[in-house]
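S.K.: My questions concern the predicted model and sequence given below.
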Amino acid sequence: MILILALLMLFCGGVANAQIVSPMLAPANPGVGATSLPSGAPPQVVGYSAANTGESETVGGDFTFARTGPNAYTATITKINGTAVGALATLNAGTGLTATATTLSLTAPVTVGLGGTGTTTAPTTGGQVLVAQSVSAYGAVTMTGDCSITSAGAITCPKINGVTPGGTCSGGQFVNVISASGVPTCATPAITGVPSGTAPQMVGYTAGGVAESETVSGGAGSCSFTRTGANAYQMVCTTYAPTASPTFTGTVTAATTNVTQLTASTGVTVSAGGTLTGPDGGIWTNSGINDGTIKATTQFTFPDLATYTTAGLNNSKAIGIGQVVGGDPLDITNNQAAATQITILNGNATGTTGLLLENGTNLGNLFLNGSGSSNANTLVLSGGQGVFIVANNSQQIQFHSGATNLGYFATNGFHLVNPLEIASGGTGTATAPTVGQALVATSTSAYAPTTLATTNLSDVSGITAWTPVLYGLTTAGSMTSSNSGIAYRIGRLVYVSFVVYISAIASQPAGQMAISGLPLAVSPTQSQSDACVLTGWTNISLPTNYTFVGLKDGGASSTILQFYVSGNNNSIAALNGPINNGFYVLGSCTYITG
């Protein structure tokens, strides 16, 4: 009995409204009373028609339920806000595109061949420019070179290939050659005057190429020139006359006429019941021509006033091929289980073949209408030697999705209406540059046309000479030497090489030996970070147990290099004077300036 009470307390709780769940009834709503599940069938769910009144509900609208097994329903979304979900996943992705079930995206990166940059790598810092890394990709790089840049953003190149361009010519000279470095070569032209003469003569040349005055006369028609006014000559041919072409006008009426050739300016009329027999045997009666052909030297005129001349059919109102004339100027109909096509051929290899659709200043439209297959309304352009799409008179070739213009070709290339993002290989901007500007990253998502400045690019200087001087830090000494060196700067990095040779010593140096004259001072915050190498040295007396000679900079903001020695199990020490005659060192250093 106690066990039964404990179980009741465990499952039902100790409150007055505790209920025992019945396998046949729904759990009671505390304080409301017992109720039963409403009748229903899968895939319905239980809901309420009013407060605490249950009923079976069928889910509809944008998704539906399906019972897939015990205790399992599956929801299927068929619409979004009442609009059926499209099957984007079945759309064929074109070149440079990637399709998922719901999204059509540009394939990153967009290749150079499709007008992109071939890369999705964002610039690492502001001030970089896009430079082709290969025939298929650009990259954001920091520009280097011989040019200098002002803080206002202008890039200035004072030299071309190491030569300062420019120059002037003296009076009476002109430039006849400009070198690859922009330096002009001047020359004095040889000028001869116009030969003497009078109207209506003109200037000609002798067989030797010498200018002379010429008189035009004679020849067929006895032609000559006459001056009729300022800047005006008139040709007159006194004995020329056009060949006469006699004509006959009037009416000729004959019961029977047999002629070899009959030509009339307005027409030939045959009376009703009469016949006209042609040379080919064809007989023309009031019912038409029989067993012969119709030939005309000049033209035929048809009932719609169209004419057929040697140039072809002119001014025909309409033509029906395969059917009677309809409402269009040209109606072509065919009924066959094969493709119906219009073939336009040009047998001349130097000519072209085309189809012109024109409506004055409005659009010339080509409409494709069809149904009954998956390829209905599909335009296929196929050419064994390529396909050319041409818009004349500097017009655009546009690409639309509905009424929205997505992009177009113009005379200056392909244009997107919205700028192509960097993630797709674009620049993220549609701002046009001015002459001389470059694309510079203003963020990790966009470039902007920018006039380049020193803040955009690293400082670079070419190879320059410097003179190393050997001396002692305590006493400089007096020595005869043959010294030389070169230097090169890339940004804050400085490379120097040098050779020092002492051929005579008047007074010995004292203290630590050093080389002065560095072209740029060592950085005040990056001293002792240099890398120096002696590739050769002779006639240097080393202290006992020291076998190696080295160099390092003289410290923050210094312009000197100091000599040191080292050896096995010995600490680094200064190389002090005095020195030997014939002292020689050859080496190089790389250090940081600025």
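M.R.: Received it, and whenever you're ready, just let me know what you need.

S.K.: so where do the strands sit in the stretch 151-300 of the chain?
M.R.: Ranges of strands in the stretch 151-300 of the chain, per DSSP state E, counting those that start in this stretch, are 155-156, 174-178, 184-187, 202-205, 211-214, 223-229, 232-237, 276-277, 283-285, 288-290, 299-301.

S.K.: Adding mean neighbour count and distance to residue 347, write these out as CSV.
M.R.: In this view, the C-beta of every residue, glycine as well, is placed from N, C-alpha and C. Formatted as CSV, the strands of the stretch 151-300 of the chain follow (neighbours: other Cβ atoms under 10 Å; distance: least, Cβ to Cβ, whole Å):
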stretch, mean neighbour count, distance to residue 347
strand 155-156, 14, 57
strand 174-178, 11, 50
strand 184-187, 14, 54
strand 202-205, 12, 45
strand 211-214, 13, 47
strand 223-229, 13, 42
strand 232-237, 11, 41
strand 276-277, 12, 36
strand 283-285, 14, 34
strand 288-290, 11, 31
strand 299-301, 12, 25
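
S.K.: and of those, who's closest to residue 594?
M.R.: Residue 594 lies closest, by Cβ to Cβ, to one member of the strands of the stretch 151-300 of the chain: strand 155-156, at 20.5 Å.

S.K.: weakest of the strands of the stretch 151-300 of the chain in terms of mean pLDDT?
M.R.: Here the lowest mean pLDDT among the strands of the stretch 151-300 of the chain goes to strand 288-290, at a mean of 70.

S.K.: May I have the phi/psi pair for the residue nearest the centre of the chain?
M.R.: Centroid-nearest residue in the chain, with Cα atoms, centre = their mean: residue 115, separated by 3.9 Å. Backbone geometry at residue 115, expressed as degrees, to the nearest 10, gives phi 90, psi 10.

S.K.: what about the closest residue to it other than its chain neighbours, how many neighbours?
M.R.: Using Cβ to Cβ, 6 or more residues apart in numbering and skipping the chain neighbours, the partner closest in space to residue 115 is residue 414 (5.1 Å). Neighbour count for residue 414, taken as other Cβ atoms under 10 Å: 12.

S.K.: which ones are touching residue 414?
M.R.: Each residue near residue 414 by Cβ atoms under 8 Å, 6 or more residues apart in numbering is listed here: 115, 407, 408.

S.K.: Go again with 10 Å.
M.R.: 114, 115, 397, 399, 407, 408 (Cβ atoms under 10 Å, 6 or more residues apart in numbering).

S.K.: do the same with residue 547
M.R.: Per Cβ under 10 Å, 6+ apart, neighbours of residue 547: 565, 566, 567, 568, 570.

S.K.: Over to residue 428?
M.R.: By Cβ under 10 Å, 6+ apart, the contact list for residue 428 reads 122, 419-422, 439, 441-448.

S.K.: filter those to the buried ones?
M.R.: 420, 421, 422, 439, 441, 446, 447, 448 (16 or more other Cβ atoms under 10 Å).

S.K.: Filter the residues you listed down to the ones in strands?
M.R.: 439, 441, 447, 448 (DSSP state E).

S.K.: Retrieve the pLDDT associated with the nearest residue to the last one once chain neighbours are set aside.
M.R.: I take that to be residue 448. Leaving aside its chain neighbours, residue 448 sits nearest to residue 442 (4.6 Å; criterion: Cβ to Cβ, 6+ apart). The per-residue pLDDT reported for residue 442 equals 81.

S.K.: Please apply the same query to residue 87.
M.R.: You'll see residue 87 listed with a pLDDT of 51.

S.K.: Please apply the same query to residue 94.
M.R.: For residue 94, the predicted pLDDT is 66.

S.K.: same question, the one 4 residues further on
M.R.: Per-residue pLDDT puts residue 98 at 74.

S.K.: show me what contacts it?
M.R.: Residue 98 sits next to 104, 105, 106, 107, 108 when contact means Cβ under 10 Å, 6+ apart.

S.K.: Helix or strand: which one has the closest residue to the last one other than its chain neighbours?
M.R.: The shortest distance from residue 108 to any non-neighbouring residue, by Cβ to Cβ, 6+ apart, is to residue 120 (4.8 Å). Using DSSP states H and E, no element contains residue 120; it sits outside every helix and strand.

S.K.: distance of residue 120 from residue 139?
M.R.: Here the criterion is Cβ to Cβ, to the nearest Å. By it, residue 120 lies 11 Å from residue 139.

S.K.: And residue 510, by the same measure?
M.R.: Distance from residue 510 to residue 139, by Cβ to Cβ: 55 Å.

S.K.: does residue 307 have beta-bridge partners, and which?
M.R.: On the basis of DSSP bridges, residue 307 is bridged to residue 301, residue 314.

S.K.: how deep is it tucked in, by neighbour count?
M.R.: 16.

S.K.: mind listing what it touches?
M.R.: 296, 298, 299, 300, 301, 313, 314, 315, 316.

S.K.: Settle this for me: the fifth one is touching residue 316, isn't it.
M.R.: Spelled out, that is residue 301. No - the pair residue 301 and residue 316 does not pass the contact test of Cβ atoms under 10 Å, sitting 11.3 Å apart.

S.K.: okay, and the common contacts of the two?
M.R.: Overlap between the contact sets of residue 301 and residue 316, as judged by Cβ under 10 Å, 6+ apart, is given by 307, 308.

S.K.: Tabulate the strands of the stretch 151-300 of the chain (JSON lines), appending distance to residue 47.
M.R.: Compiled in JSON lines, these are given as follows (distance: least, Cβ to Cβ, whole Å):
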{"stretch": "strand 155-156", "distance to residue 47": "73"}
{"stretch": "strand 174-178", "distance to residue 47": "89"}
{"stretch": "strand 184-187", "distance to residue 47": "93"}
{"stretch": "strand 202-205", "distance to residue 47": "107"}
{"stretch": "strand 211-214", "distance to residue 47": "109"}
{"stretch": "strand 223-229", "distance to residue 47": "104"}
{"stretch": "strand 232-237", "distance to residue 47": "102"}
{"stretch": "strand 276-277", "distance to residue 47": "96"}
{"stretch": "strand 283-285", "distance to residue 47": "92"}
{"stretch": "strand 288-290", "distance to residue 47": "86"}
{"stretch": "strand 299-301", "distance to residue 47": "85"}
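
S.K.: Nearest to residue 430, out of the ones you listed?
M.R.: Closest approach to residue 430 among those is made by strand 155-156 (23.4 Å; Cβ to Cβ).

S.K.: starting at the chain centroid, how far to stretch 115-122?
M.R.: With Cα atoms, centre = their mean, to the nearest Å as the basis, stretch 115-122 stands 12 Å off its chain's centre.

S.K.: How about stretch 529-538?
M.R.: On Cα atoms, centre = their mean, the centre of stretch 529-538 falls 50 Å from the chain's centre.

S.K.: Quick check: buried residues in that stretch?
M.R.: Residues of stretch 529-538 classed as buried by neighbour count (16+ other Cβ under 10 Å): 530, 532, 534.

S.K.: Run through who's touching stretch 314-331.
M.R.: So stretch 314-331 is contacted by 299, 301-308, 313, 332-335, 340, 342 (Cβ under 10 Å, 6+ apart).
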